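Participant: Pasting a predicted model and its sequence here:
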Protein chains: 2
Amino acid sequence: MELTNLHALSAIEAARLIRQGTISSEQYVGACLARVRETDARIEAWAFLDPDHALAQARAADQYRLSGQPIGPLHGIPVGIKDIIDTADMPTENGSPLHAGRTPSRDAAVVTLLRCAGAVIMGKTVTTEFACGAAGKTRNPHDAAYSPGGSSSGSAAAVAAGMVPLALGSQTGGSTVRPASYCGVYGLKPTRGLIPRHGMSRVAQTLDTVGLFARTLDDVALLLETCVAYDEGEFESSPRAQTAYGTIAADDPPIPPMLGFVKTPHWNRLTDDAKDAFAELVERLGDRVEEVELSSAVEQAWEWHAIIMESEVAVNLSREWDKGRARLSERLRGRIERGRTHPAARYLEALAQIPRLNDGFTELFEQKYDALLTPAATGVAPSGLESTGDPVFCSLWTLCGVPALSVPLMSGANGLPLGAQLVASRHNDGRLLRTARWLVDTLRRA
Amino acid sequence: MELTNLHALSAIEAARLIRQGTISSEQYVGACLARVRETDARIEAWAFLDPDHALAQARAADQYRLSGQPIGPLHGIPVGIKDIIDTADMPTENGSPLHAGRTPSRDAAVVTLLRCAGAVIMGKTVTTEFACGAAGKTRNPHDAAYSPGGSSSGSAAAVAAGMVPLALGSQTGGSTVRPASYCGVYGLKPTRGLIPRHGMSRVAQTLDTVGLFARTLDDVALLLETCVAYDEGEFESSPRAQTAYGTIAADDPPIPPMLGFVKTPHWNRLTDDAKDAFAELVERLGDRVEEVELSSAVEQAWEWHAIIMESEVAVNLSREWDKGRARLSERLRGRIERGRTHPAARYLEALAQIPRLNDGFTELFEQKYDALLTPAATGVAPSGLESTGDPVFCSLWTLCGVPALSVPLMSGANGLPLGAQLVASRHNDGRLLRTARWLVDTLRRA
């Protein structure tokens, strides 16, 4: 084994080698930490990282394996955790000076699931302020003059830079799919309700979804398989038979998939080079894709999304607003101020649209398309760290709670990554991953 | 069998006699219809009743039984349905001239459950306007100069007058417990989420609960057993093992129950004769009851209830408001107008209190009390038909979604019925019925 590139292994490869005893978790985590030392001064993906604590977990995993006990699918694999997701052994500061030094007493449910699968919790990745405000310090690993996107900035950047094979983020607007697109990795926003959110800072409960980052589709599927669990306290969670996402994602589609290419009412916000890249993509896919016009019912979806998100943010951050308004960013203050003005009736009307939109999409999916193909962002990453970019191509799918995946397929005129977004109907996460694999393979062969 | 008093049989007795072939459903339904003819000119409990259609259902039930096929627990038993609950074979007018002649194409889920259990759908009982507006035509069966309470006016009155042994109502504020108290029958508002609401006119989705009326506790338990079902479209519904409410309700408590007597912050709204009646009741219960002070956290519950109810009513009746405002009552217009002014943030804050209140109550119940004892209404029925009375002693429990039962135990100075309300923590409906039986038996013996 060439030890110098250990950090570049996928989670699945590394887990197999660890299971076989070919490498130890300590070696793999050590290689990832070396990669952090090498790249993170430039990228700054981490809000908190204690290399000794990560190595101690890795050594414990190695010890445990040697004891002969059964080990989990992520045994000894380091995972980055967005710093809005609680960890009992590390601070969770939610990207705000108001929560500096905050150390929760319990792991978030999804962190517990990772630990049960044997994962090493590597550290906490940079988030924008409360995952909906000012940008953090992280820079794009492909070019530090550009944003990594947000709000899951550190998770996307750390995975892209090879500092960890897997990371958790979240999405309330476009906080997983967009940074994945900018950083050139896979970013999955699964069906809302699949992954428990307990212990994750609440931005907007109607919209919040745990997001997953990885460099390969198999790794996305493995991470999803690990993180799915029923939580009876969650509206959209329901008890379900365990789904073998990895197996489904690895299978060939029974018949060649059909994609619906969706420009959305906001196509004009796409940059010219992104428009060109999509034209070429559609061209290459030939008769496996056709353009589909969404019903006019979706036109107001962006407004509904904003009403719901702002109203809920205003309540969820009311304590911070009351006690520390001056230390909130202007951007977040504006969001909260708008949130405090929406009438309950408007909010409830917006909520009532979600099942209606999904009904419309379900029909589209069941009758015609395996997935919809649409931009993940308006173009490549914006330059500078002021803005983490525009989530306009994500909000509709977040509102609906459908699974959406950024696939690192293209690049812009300046060579920065540009993702294509695939979207499926609710609970078709496995099929979405399978369709993504078909898409990647088809383009590779073409 | 003395046929002249057949209508007075409980549902359980009648179902047994029908099963045995001692009486037919046609005879029993016929006796109930005779009772309608005899009393309903004075009471006016029905929004719709076609005697031929009810008898046709009864004859079909008799035919079915003779075929030797297995029959359900309510085989041949007539049930009154509040006219906000859809029936495919009868109009459902929601108590409003705006919906006059409205005939839905499908039964509500709970009506389907009743039909599967063999019930005869007797007819539609009078509701106040959209179950939250102007009073209907129904009068109190004990004295026609008084209100039967509302909004489930017709269901409470029809059961009290012996026109049907069972009826469905609903509760969003105090629409089941209060009319049960005024009419002197049992009225159960079960744990919210137990009975599916699909096909019931939506007043306020956070609060709406199907309510049950009967003249005996066994009948309440039987009706509850029939109506409980999982509905995956409902937030508070979850798959649960079938509960034998009838068996639990019929059992003796393993140890003598302890009741917590709750005056609530609104005790001063109780009439003097009701205060006297409760003083006597508490006196008679001796060491089996003690007064309990609710935490000050509940003081705002009435305001939270109003914010939630009004905001949701405003949205749920927005079509009626837009197109037929002039035909809404002034009372309902006021409710909608207030509902349109609440900010979303206030609404969300109110929603967030519900689990907090329940957490507080759960502790109280688990550590000390089998049930709370509290008034069902501010006193006996108000005179005249203008007002259906004050729901102040119900709103808190409706907000929490806990089971609440009006038990016909007392009477006021003028001899009209006065219920005591028993309240338990969520999903303790069976134990609540058992405690109610113990209470009734204890007072009977004392």
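Facilitator: Thanks, I have the structure now.
Participant: all contacts plus neighbour counts: C-alpha atoms, from now on.
Facilitator: Noted.
Participant: Write out the residues of the stretch 151-300 of chain A neighbouring chain B.
Facilitator: Proximity of the stretch 151-300 of chain A to chain B, by CA under 8 Å from any CA of the partner chain, involves residues A:235, A:236.
Participant: Taking the stretch 101-250 of chain A, what residue is nearest to chain B?
Facilitator: Closest to chain B within the stretch 101-250 of chain A is residue A:235: 5.5 Å, counting by CA to the nearest CA.
Participant: pretty sure that residue contacts residue A:192?
Facilitator: No. Here residue A:235 does not reach residue A:192: they are 9.8 Å apart, not a contact under CA atoms under 8 Å.
Participant: So those two - more neighbours on which side?
Facilitator: Ranked by neighbour count (other CA atoms under 10 Å in any protein chain shown), residue A:235 and residue A:192 place residue A:192 first, with 26 against 16.
Participant: about what we covered before: how much space separates the residue of the stretch 101-250 of chain A closest to chain B from residue A:367?
Facilitator: 28 Å (CA to CA, to the nearest Å).
Participant: quick revisit: next, the nearest residue to the residue of the stretch 101-250 of chain A closest to chain B once chain neighbours are set aside: secondary structure please.
Facilitator: Using CA to CA, 6 or more residues apart in numbering or on different chains and skipping residues adjacent in sequence, the residue nearest residue A:235 is residue B:235, 5.5 Å away. For residue B:235, the assignment made with DSSP: H, G, I helix; E, B strand; the rest coil gives coil.
Participant: so what's residue B:235 up against?
Facilitator: A:235, A:236, B:193 (CA atoms under 8 Å, 6 or more residues apart in numbering or on different chains).
Participant: wait, which of those residues is closest to residue A:97?
Facilitator: For the contacts of residue B:235, the closest approach to residue A:97 (CA to CA) belongs to residue A:235, at 31.2 Å.
Participant: burial of residue A:208, as a residue count?
Facilitator: 24.
Participant: Is it in contact with residue A:171, as I believe?
Facilitator: Yes. Using CA under 8 Å, residue A:208 makes contact with residue A:171 at a distance of 5.7 Å.
Participant: My read is that residue A:62 contacts residue A:24, right?
Facilitator: Yes. Using CA under 8 Å, residue A:62 is in contact with residue A:24, at 6.3 Å.
Participant: Common neighbours of the two, please.
Facilitator: residue A:76.
Participant: where does chain A have its least confident helix or strand?
Facilitator: helix A:344-367 (a mean of 92; mean pLDDT, DSSP states H and E).
Participant: Neighbouring strands of the helix or strand just after that helix in the sheet, and parallel or not?
Facilitator: Scanning forward in sequence from helix A:344-367 by DSSP states H and E, the next helix or strand is strand A:371-375. As defined by DSSP bridges, the strand partners of strand A:371-375 come to strand A:259-261 (parallel), strand A:417-423 (antiparallel).
Participant: Residues contacting strand A:371-375, please?
Facilitator: Here strand A:371-375 has contacts from A:258-264, A:278, A:365, A:393, A:419-425, A:432, A:435, using CA under 8 Å, 6+ apart.
Participant: Report all helices and strands that the next helix or strand after that strand contacts.
Facilitator: Sequence order places helix A:395-400 as the next helix or strand after strand A:371-375, per DSSP H and E. If you count contacts as 3 or more CA pairs under 8 Å, 6 or more residues apart in numbering or on different chains; DSSP states H and E, helix A:395-400 packs onto helix A:301-316, helix A:344-367.
Participant: quick one: is the shortest one near chain B?
Facilitator: Yes. In terms of CA under 8 Å from any CA, part of helix A:301-316 sits within range of chain B, namely A:311, A:312, A:314, A:315.
Participant: so the first one sits right up against residue A:342, yeah?
Facilitator: This points to residue A:311. Yes. With contacts counted by CA under 8 Å, residue A:311 reaches residue A:342, the gap being 6.5 Å.
Participant: Give me the more crowded residue out of those two.
Facilitator: residue A:311 (29 against 19).
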